[in-house]
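*Asks:* Here is a sequence together with a model predicted from it:
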Amino acid sequence: MTASPIPLRPETEAPALTTLQPPGWKKPKGYANGMAGRGTVVMTGGLIGWDENEVLAEGFVPQVEQILRNILAVLGEAGAGPEHVARLTWYVRSVDTYRASLAELGPVYRRVMGRHFPAMALVGVADLVEPGALVEIEATAIVPDAA
């Protein structure tokens with residue numbers, strides 16, 4: 001069953017989300033400390049780096065790219081896009097692998113999500129349910145109410 005799309009604001013209206021940056025804090029790179037918005041809250045489950053046929057991408061960075069694409073596909077069912085993502089929570093089997101992949105992750109992230117950097121958390125975990133999954137990401141988005 002496909003959800004009917006939620007009407008989006010015209011491009012000329014104010015953005016759906018506001019970045020929360022306390023005065024005097026150093027601006028984070030690649031994420032926000034907090035986000036605020038009003039509208040319909042859309043959440044994904046923890047998504048992994050497999051395609052619609054459940055074929056898992058090989059390697060950490062390819063899995064992240066597929067996950068981000070999967071997130072956008074799920075959010076699209078509610079009329080949401082990358083600009084509506086308020087939070088991403090990453091669960092990684094190896095924080096060291098994540099750190100070693102940062103130079104590659106930036107361009108991949110921007111290619112899929114653009115220059116929208118929501119609040120993010122990264123959690124190192126012992127394992128994930130799906131064998132071969134190296135990372136799992138949950139998303140929370142806020143689609144603005146129609147004017």
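*Replies:* Received it, and whenever you're ready, just let me know what you need. The structure presented is a predicted model; accordingly, all values stated were derived computationally and were not measured.
*Asks:* contacts, neighbours, all on C-alpha from now
*Replies:* Noted.
*Asks:* buried stuff in the helix or strand harbouring Tyr109?
*Replies:* Counting by DSSP states H and E, the element that carries Tyr109 is helix 102-113. Neighbour-count burial for helix 102-113, with 16 or more other CA atoms under 10 Å as criterion, is recorded at Leu105, Val108, Tyr109, Met113.
*Asks:* same question, stretch 21-37
*Replies:* Neighbour-count burial for stretch 21-37 [16+ other CA under 10 Å]: Tyr31, Ala32, Asn33, Met35, Gly37.
*Asks:* which one of the residues you listed sits closest to Tyr91?
*Replies:* Tyr31 (15.7 Å; CA to CA).
*Asks:* Which residue is most remote from the mean position of this protein?
*Replies:* The C-alpha centroid of the chain is most remote from Gly24, which lies 26.7 Å away (CA atoms, centre = their mean).
*Asks:* which residues touch that residue?
*Replies:* Residues near Gly24 by CA atoms under 8 Å, 6 or more residues apart in numbering: none.
*Asks:* From Leu47, how far out is it?
*Replies:* 35 Å (CA to CA, to the nearest Å).
*Asks:* Which neighbouring elements make contact with the host helix or strand of Ala36?
*Replies:* Following DSSP H and E, one finds Ala36 within strand 34-37. Secondary-structure packing of strand 34-37 (3 or more CA pairs under 8 Å, 6 or more residues apart in numbering; DSSP states H and E): strand 17-20, strand 85-92.
*Asks:* so where's this structure uncertain?
*Replies:* Applying pLDDT under 70 to the chain flags the ranges 1-15, 147.
*Asks:* can you tell me which residues contact the closest residue to Thr19 other than its chain neighbours?
*Replies:* What sits nearest to Thr19 in space, not counting adjacent residues and going by CA to CA, 6 or more residues apart in numbering, is Met35, at 4.7 Å. By CA under 8 Å, 6+ apart, the residues touching Met35 are Leu17, Thr18, Thr19, Leu20, Ala86, Arg87, Pro118, Ala119.
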